[in-house]
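Asks: Fold the following for me, if possible:
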Amino acid sequence: MTATQSQAGQWTREELEYKVREIAPEVAVFDCDGTLWGGDAGLGFMNWSLEQGIVSRNTADWIDTRHRAYRAGEVSEAQICGEMVQIYAGLHDDELQRVAAEYVREFVEPQVFAEMLALVKELRGRGTEIWAVSSTNKWVICEGMRMFGIPEERVLAAEVAVKDGIITSTIVDVPTDEGKPGSLGRVGVTHPDAVFGNSIHDLAMLEMAANAFPINPSPALLEAAMRNGWGYYRPQAAPPAFSDITGV
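Replies: Sure thing, here's the model as predicted:
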């Protein structure tokens, strides 16, 4: 029985911190949206960038139609997350980095869970190798992880190729569902000591861990946690758990 299985049900902050310290993870993996901060930064950034006129009206109308189809169950999670990155094809990569930094400062920083920020800081201080894995675009996740002291080379997120500084539509990676363990495996992380995630799209990644830590779990992930005998933690002042159609 692992440390996280020793007490199912909802943990207090002190219990979460004790369990993490008890296993002293050498490698820890974190989902981001809903796990380290509240809200869906991927969807939020897309909507905000469309409002800013960063992409054409035709492209904006197309991705809106695609997202409606996704919510209706007609487009897969991996498809929509990839398309939400591909809409920026033709733009300068440094421009997207700039607007992502602006978005994160205004909309993501205020929603960071203080206890998760403190936990990551403690793990970094102990020398834990920390990875961030998300199906939100890499521009936003890299900016968000600056707050947590996690370098870009430890970020696995939805990404397209960049050629001569210009964003292309060629998919590099879309880590979601079973794709999250796949992305980790490609960088040599096959048996992480601890994984933290909030939605059903993190389940495969949680199952690969020696110790699973559901954080602010969505309804479907909470059911899976109960089946697996995992406890879970809800950050203070956390917004309602993501629905599984939006949690990434």
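Asks: When you work out contacts or count neighbours from here on, use the C-alpha atoms and nothing else.
Replies: Noted.
Asks: Give me the mean pLDDT for the longest helix seen in the chain.
Replies: Scanning the chain for the helix with the most residues, using DSSP state H, yields helix 57-71. Across helix 57-71, pLDDT averages out at 95.
Asks: Which residues outside that helix are in contact with it?
Replies: Residues outside helix 57-71 that contact it (CA atoms under 8 Å, 6 or more residues apart in numbering) are 50, 75-77, 80, 83-84, 87, 245.
Asks: hang on, isn't Thr136 packed against Cys81?
Replies: Yes. In this structure, Thr136 is within contact of Cys81 by CA atoms under 8 Å, at 6.8 Å.
Asks: Please identify which of the two sits among more neighbours.
Replies: Each of Thr136 and Cys81 has its neighbours counted (other CA atoms under 10 Å); Thr136 has more, 30 against 26.
Asks: List the residues that contact that one.
Replies: For Thr136, the contact set (CA under 8 Å, 6+ apart) comprises 33, 41-43, 81, 157-158, 248.
Asks: re the thing from before, would you mind writing the CA trace of the helix or strand following the longest helix of the chain as PDB?
Replies: Counting by DSSP states H and E, the element after helix 57-71 in chain order, helix or strand, is helix 77-86. These are the backbone C-alpha positions of helix 77-86, laid out as PDB (Å, rounded to 0.1, in the frame of the first residue of the first chain):
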ATOM      1  CA  GLU A  77      -9.800  16.100 -26.300                       C
ATOM      2  CA  ALA A  78      -6.500  15.600 -28.200                       C
ATOM      3  CA  GLN A  79      -7.900  17.100 -31.400                       C
ATOM      4  CA  ILE A  80      -9.300  20.300 -29.900                       C
ATOM      5  CA  CYS A  81      -6.100  20.900 -27.800                       C
ATOM      6  CA  GLY A  82      -4.000  20.500 -30.900                       C
ATOM      7  CA  GLU A  83      -6.300  22.800 -32.900                       C
ATOM      8  CA  MET A  84      -6.200  25.400 -30.200                       C
ATOM      9  CA  VAL A  85      -2.500  25.700 -30.800                       C
ATOM     10  CA  GLN A  86      -2.600  25.400 -34.600                       C
END
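Asks: And helix 77-86, what's buried?
Replies: 77-78, 80-86 (16 or more other CA atoms under 10 Å).
Asks: returning to that earlier point: any idea how far the longest helix of the chain is from the middle of the chain?
Replies: Using CA atoms, centre = their mean, to the nearest Å, the mean C-alpha position of helix 57-71 is found 22 Å from that of the whole chain.
Asks: just stretch 19-35 next, same as before
Replies: On CA atoms, centre = their mean, the centre of stretch 19-35 falls 13 Å from the chain's centre.
Asks: swap in stretch 191-203?
Replies: Here the centre of stretch 191-203 is set off from its chain's centre by 10 Å, with CA atoms, centre = their mean.
Asks: Can you name the residues in contact with it?
Replies: Counting by CA under 8 Å, 6+ apart, 23, 25-35, 176-178, 180, 205-206, 208-218, 220-221, 224, 241-244, 247-248 sit against stretch 191-203.
Asks: I would like a PyMOL command selecting only the buried ones among those, please.
Replies: Buried residues within these, by 16+ other CA under 10 Å, are selected in PyMOL with:
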select buried, resi 25+27+28+29+30+31+32+33+34+35+176+177+180+205+206+208+209+210+211+212+213+214+215+216+217+218+220+221+224+241+242+244+247+248
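Asks: Need the pLDDT of the residue lying closest to Arg234 once chain neighbours are set aside.
Replies: Of all residues not flanking Arg234 in the chain, Asn216 sits nearest, at 4.5 Å (CA to CA, 6 or more residues apart in numbering). Asn216 is assigned a pLDDT of 96 by the prediction.
Asks: For Gln86, give me its contacts.
Replies: By CA under 8 Å, 6+ apart, the neighbours of Gln86 are 160, 168-171.
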